[in-house]
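In: Below is the sequence, then the predicted model.
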Amino acid sequence: MIDWKLIVKILWGDLPKYPNTRFVQNEDLAAEGLTMGTLYIGKQGTGKTTSLSRHLVENFKKYPDQAIFVLDAKGSNTNEILSLIAKDPNWETLAKRIVYDDMGNPDWVVPLPEFSHMYGTTFDEQAHRVATNLQNLAPELVKGAPYIAGLGLQETAPQLFRVESSISDEYNESKTWQVTETRALLSSMALLRKMVAKYGYKVPQAKEYLEKEFLPLSPNEKELRTYAIRALLGPTEAPEIRARLGYYQPRWTPREAIKNGLMVIVDGSSG
């Protein structure tokens with residue numbers, strides 16, 4: 001009589017409790033499967049960070065056409081990844097494919113503005129994205145105060161952003177205003193009227209809304225409509241945030257990273 005359980009154990013070792021799974025070393029996992037997602041579970045100090053970092057660096061070297069995005073809130077993976085690359089004989093070549101973004105660093109800022117032709121999407125789409133992100137940051141404002149905060153974030157904000165992206169340098173169309181100018185526009189209705197009159201032809205939908213619906217409102221009504229916008233954009237007044245969001249050209253774009261097989265490391269430990 002053949003003991004199949006013994007044979008299976010000899011060939012594959014102990015099987016996990018979960019069906020259709022196997023115990024294998026990280027390096028034995030197929031690359032095609034790894035791109036679908038890899039889950040690391042373990043107690044503190046068991047080597048999860050080291051194993052994941054080694055896996056990312058090995059894939060980075062083995063598949064130079066494949067982009068890797070590392071979102072590291074605490075910075076532990078970042079330190080390990082950079083350490084492994086620094087020890088590699090070809091570290092100079094690898095380093096040229098790395099974009100390191102130390103978020104919150106007051107001295108070293110990687111520009112990543114909200115509006116840019118380099119992203120491969122229209123300014124209209126980018127304005128809508130920023131407005132949607134603001135709504136997602138404060139959903140309670142939209143639901144709890146739909147007339148005051150909701151109208152401001154859902155209707156006024158995207159039109160303001162469209163106008164900002166249309167305001168460009170007379171010598172360089174790619175140098176547009178950014179979200180960092182929003183509070184200045186809202187603080188001076190004269191400036192807003194001037195910019196709408198001068199650049200509104202590029203964004204007729206925003207021009208019509210601001211001239212016919214927003215600007216005719218009383219000062220008190222305007223303040224109520226834009227309170228949530230100004231409050232949510234308050235942090236952009238910090239120097240490091242203005243440097244990041246206020247520059248006209250991004251240091252990197254997702255499209256560029258995917259095309260050139262870059263590793264983008266976003267280190268959140270400084271924030």
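Out: Looks like it arrived, so ask away.
In: Now do the domain split for the chain, please.
Out: 4-101+252-266, 120-237 (automatic domain parsing).
In: mean pLDDT lowest for which of those domains?
Out: Between the domains of the chain, the one with the least mean pLDDT is domain 4-101+252-266; it has a mean of 84.
In: re earlier: quick one, which of the domains of the chain is nearest to residue 245?
Out: For residue 245, the closest of the domains of the chain is domain 120-237, at 5.3 Å, according to C-beta to C-beta. C-betas here are computed from N, CA, C, even on glycine.
In: ends of the closest one, how far apart?
Out: Chord length of domain 120-237, first to last residue, is 27 Å (C-alpha to C-alpha, to the nearest Å).
In: Distance of residue 127 relative to residue 166?
Out: 10 Å (C-beta to C-beta, to the nearest Å).
In: no, scratch that, I was asking about residue 71
Out: The value you get for residue 71 to residue 166, if C-beta to C-beta is used, is 32 Å.
In: So those two - more neighbours on which side?
Out: Between residue 71 and residue 166, residue 166 has the larger neighbour count (other C-beta atoms under 10 Å), namely 23 against 12.
In: Identify the residue nearest that one in space, chain neighbours excluded?
Out: Nearest-residue entry for residue 166: residue 202, 4.0 Å, with adjacent residues in sequence omitted and distances by C-beta to C-beta, 6 or more residues apart in numbering.
In: Pretty sure that neighbour sits against residue 173.
Out: No - using C-beta atoms under 8 Å, residue 202 makes no contact with residue 173, being 10.1 Å away.
In: Comparing the two, which residue is more hemmed in?
Out: Just comparing residue 202 and residue 173: by other C-beta under 10 Å the higher neighbour count belongs to residue 202, 15 against 9.
In: and the more buried one, backbone torsions?
Out: Phi and psi for residue 202, reported as degrees, to the nearest 10, are phi -80, psi -30.
In: now the strands: where do they sit in the stretch 1-150 of the chain?
Out: Here the stretch 1-150 of the chain has its strands, by DSSP state E, counting those that start in this stretch, at 68-72, 98-102.
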